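Trainee: A predicted structure for the sequence below; I have some questions about it.
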Amino acid sequence: MSDSEIITILMLYYFGSFKNFKHFYLFYIGVHLREEFPNQLSYNRFIAIEHKMFAPMMLFRNIVCFEKCTGISFVDSTKISVCHNKRIFNHKTFDGFAHL
């Protein structure tokens, strides 16, 4: 496998919804993406050499994924869980539009 194929598989895993890399590699890459990765390594061999791709993958990620902001941003509006109901109103991220 080439370095770019290894980085692609790792990026697919990190940006995907899989929680177990072994299951992802064996059953998603090995079954569904077999044509895209014809020279696929065994799982044990892939794990043995994946650490060599850490620096190139981080360099690629910093150059391509974190470009300048285009002015379009997304905000996660998931609720923040609290340990006691009295603390619910202490976790505000902004005051709203009262100051406009």
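Mentor: Received it, and whenever you're ready, just let me know what you need.
Trainee: Now for Asn39: which residues touch it?
Mentor: Asn39 makes contact with 1-2, 5, according to CB atoms under 8 Å, 6 or more residues apart in numbering. Glycine gets a C-beta too; all of them are placed from N, C-alpha and C.
Trainee: Which among these count as buried?
Mentor: The neighbour count (16 or more other CB atoms under 10 Å) marks Glu5 as buried among these.
Trainee: hey, which helix or strand in the chain has the poorest pLDDT?
Mentor: Least confident helix or strand, the chain: helix 54-60 with a mean of 86, by mean pLDDT, DSSP states H and E.
Trainee: and that one, what does it pack onto?
Mentor: In terms of contact count using 3 or more CB pairs under 8 Å, 6 or more residues apart in numbering; DSSP states H and E, helix 54-60 is assigned the packing partners helix 3-15.
Trainee: which other helices and strands contact the helix it packs on?
Mentor: Packed against helix 3-15, as judged by 3+ CB pairs under 8 Å, 6+ apart, are the following elements: helix 43-49, helix 54-60.
Trainee: same thing but 7 Å
Mentor: helix 54-60 (3 or more CB pairs under 7 Å, 6 or more residues apart in numbering; DSSP states H and E).
Trainee: can I have the helix it packs on written out in CSV, keeping just the CAs?
Mentor: What follows is helix 54-60 as a C-alpha-only set of coordinates in CSV (Å, rounded to 0.1, in the frame of the first residue of the first chain):
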residue,chain,number,x,y,z
PHE,A,54,1.5,10.1,11.7
ALA,A,55,3.7,13.1,10.8
PRO,A,56,2.7,13.2,7.0
MET,A,57,-1.0,12.9,8.0
MET,A,58,-0.7,15.8,10.5
LEU,A,59,1.1,17.9,7.9
PHE,A,60,-1.6,17.2,5.3
